[in-house]
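Undergrad: build me a model:
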Amino acid sequence: MSDVVPPCPACASEFAYESGALLVCPMCGHEWAPGAGDDAESGQVVTDSVGNVLADGDTVTIVKSLKVKGAGGGVVKIGTKVRGIRLITDGVGDHDIDAKVPGFGQMQLKSSVVKKVL
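TA: Below you'll find the model as predicted:
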């Protein structure tokens, strides 16, 4: 491995270090293999409302009440837990999460209105 460690692909921190075969960022906790072409290096880094990096299959909670437009309307309430999210790049507007919301079915969400369940 070279003497120069690349910056973190998730948060661009310059404090990344080697830990065995992986590189680790102490600022955000992101781990990656050097030279691996993961989503973070391809430009798609999706973070929640507090800055946690999201990935496919994560569980998130809604952080503000959302009025649902369309058939039936309604409100998705604060604290609704959504399991198994899927990150998308071709969402409507700036929606970047596709998920099945309990009580409402399949819908697209913005990452700014969810928080990752740790």
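
Undergrad: please make it C-alpha for all contacts and neighbour counts, starting now.
TA: Will do.

Undergrad: so what's the most centrally placed residue in the chain up against?
TA: With distances taken as C-alpha atoms, centre = their mean, residue 54 lies nearest the centre of the chain, 1.9 Å away. If you count contacts by C-alpha atoms under 8 Å, 6 or more residues apart in numbering, residue 54 has them with 45, 46, 47, 48, 116.

Undergrad: count of neighbours near the fourth one?
TA: Spelled out, that is residue 48. 18 (other C-alpha atoms under 10 Å).

Undergrad: got any ranges where the chain has weak pLDDT?
TA: Low-confidence segments of the chain (pLDDT under 70): 1-2, 35-44, 71.

Undergrad: again, only this time at 50
TA: Low-confidence segments of the chain (pLDDT under 50): 1, 38-41.

Undergrad: can you give me the strands in it?
TA: For the chain, the strands defined by DSSP state E cover 17-19, 22-24, 31-32, 60-62, 66-67, 75-76, 81-82, 86-87, 97-101, 105-109, 114-116.
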